[in-house]
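Enquirer: Sequence first, then the predicted structure, then my questions.
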Amino acid sequence: MGSTAIEMSRFEDRVSIPVFVVSPNPKLRQELQQKLDSGRWNVIEASSGSDAFELVQSHGTKGGVLLLDPVLPDLEAGEFSEVVRTRFPETQVLMLNAHTGQLLAGSASPTPISKRLVDTINSTGPTAPAVITSPSRPVAVHPYEKPRLRNVIGDSQQMQRIYALTRMVAPRNTTVLITGESGTGKDLIAQEIHLVSPRRNQPLVVVNCSAIPETLLEAELFGYTKGAFTGAVQSRIGRIHSAQGGTLFLDEIGDMPLSLQSKILRFLEQGEVQRIGGNDNLKVDVRVVAATNADLKDRVAKQQFREDLYYRLAIFPIHLPPLRDRMSDLPLLAQTFAARFNGNASISPEAIQVLAQHSWPGNVRELRNVIERATILAENGNELNAEHILL
């Protein structure tokens, strides 16, 4: 049994009010566990925002207090707290360092938890929610603690917004539509949504709708029964069913044939799939993330894409900007790729100037290829110069 399940079981066995302590700092969680009145409160620990969301979702209707570290490894704390306030209004939210002066997670010597915080929690309860108040605005994180995603590179304002939107939607089951030009990293955002979600321990199944022939795509997605067509020598479940409990990433969904779009819509609306040649509707629990480099609104206008499917997919759209619109990220991207291909590599200012003059129609993918080629041309040298940049 995992730690989350154990904590849930402990909670059900007790009648005290839950206090969710959410921090990646184990010393902070341990100190709160020791100082809070065990007869009144049931302290439930979580080291990440996604784990905390799962716990609050299970117990949020029973009220309680959420003690939230402003620096989490997977979610932006201010947005997470707003989600909790909206969905679980009986759960009071407190930013830990708003009352304690606690240093940010990862500090070598965190300051002691203030007596004021402990007394405030111990003296309140669900009948007196006004005693514990949340700041009107999320506590600001220090500038060097910029939120980032695991494999997505960039500190520009556009990318900071992408990070925030990704972390906001990841803990939910909401369908996400990621748009952007080819090479902008749509697949990385889809992976991050899955890795931060409560489904992260279940499969992430990727289907490239443009790479599978139209005649095979339906069988790949929905599966088939034995004898359904020539060559179907045994029954097989489809990619949708194989993603049970996890996430289905439909890449390049703008290229999906119209003949299949109605079946995808039915699956999204009813949570069921029917294999080719079968009569049974199989229930599935799958979260869908879709991506496309096409203008789906234009395709809807041209009757190349179903309007009802478009609106069902675009419940939470995330648009990735092209590299030319976030050129401030180019030096960081280039240096990161150089280090990936040669751990000792650096890029000269002259090389950066050459890179900055290019329009990058292939976006980040094109830049990565250019830097990989440059590290090869530099041979045994550790500095990439202008002559190594071939565009």
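Expert: That came in fine, so what should we check first?
Enquirer: any idea how far residue 70 is from residue 216?
Expert: Going from residue 70 to residue 216 by Cβ to Cβ, to the nearest Å gives 49 Å. Yep, even glycine has a C-beta here, placed from its N, CA and C like the rest.
Enquirer: quick one: the biggest helix by length in the chain to chain centroid distance?
Expert: The longest helix of the chain (DSSP state H) is helix 363-377. Computed by Cα atoms, centre = their mean, to the nearest Å, the chain-centroid distance of helix 363-377 equals 27 Å.
Enquirer: next one: stretch 241-261
Expert: Taking mean C-alpha positions (Cα atoms, centre = their mean), stretch 241-261 and its chain are 18 Å apart.
Enquirer: cool, and stretch 309-318?
Expert: Here stretch 309-318 shows a centroid-to-chain-centroid distance of 16 Å under the convention Cα atoms, centre = their mean.
Enquirer: circling back: residue 70 and residue 216: who's more crowded?
Expert: With neighbours defined as other Cβ atoms under 10 Å, residue 70 and residue 216 compare such that residue 70 has more, 22 against 9.
Enquirer: tell me the phi and psi of that one?
Expert: Residue 70 adopts backbone torsions of phi -70, psi -10, taken as degrees, to the nearest 10.
Enquirer: what's downstream of the worst-scoring helix or strand of the chain on mean pLDDT, the next helix or strand?
Expert: Within the chain, no helix or strand scores below helix 3-12, which has a mean of 43 by mean pLDDT, DSSP states H and E. Counting by DSSP states H and E, the next helix or strand C-terminal to helix 3-12 is strand 17-22.
Enquirer: what's the span of stretch 320-333, first residue to last?
Expert: End-to-end distance for stretch 320-333: 15 Å, by Cα to Cα, to the nearest Å.
Enquirer: Which positions in it come out as buried?
Expert: 320, 321, 322, 323, 326, 329, 330, 333 (16 or more other Cβ atoms under 10 Å).
Enquirer: of all those residues, which comes closest to residue 305?
Expert: Set against residue 305, the nearest of these by Cβ to Cβ is residue 320 (19.5 Å).
Enquirer: list the contacts for the closest residue to the closest one other than its chain neighbours?
Expert: Distances taken as Cβ to Cβ, 6 or more residues apart in numbering place residue 180 nearest to residue 320, at 3.3 Å, with adjacent residues excluded. For residue 180, the contacting residues are 186, 291, 293, 319, 320, 321, 322, taking Cβ atoms under 8 Å, 6 or more residues apart in numbering as the criterion.
Enquirer: residue ranges for the strands of the stretch 101-250 of the chain, please.
Expert: Listed in chain order, the strands of the stretch 101-250 of the chain (DSSP state E, counting those that start in this stretch) span 176-179, 204-208, 223-224, 236-237, 247-251.
Enquirer: Quick one: closest of these to residue 36.
Expert: When the strands of the stretch 101-250 of the chain are compared for distance to residue 36 using Cβ to Cβ, the nearest one is strand 247-251, at 36.2 Å.
Enquirer: so for that closest one, what's the average pLDDT?
Expert: On average, the pLDDT along strand 247-251 is 96.
Enquirer: Tell me the strands beside it, with direction?
Expert: According to DSSP bridges, strand 247-251 has the following sheet partners: strand 204-208 (parallel), strand 287-292 (parallel).
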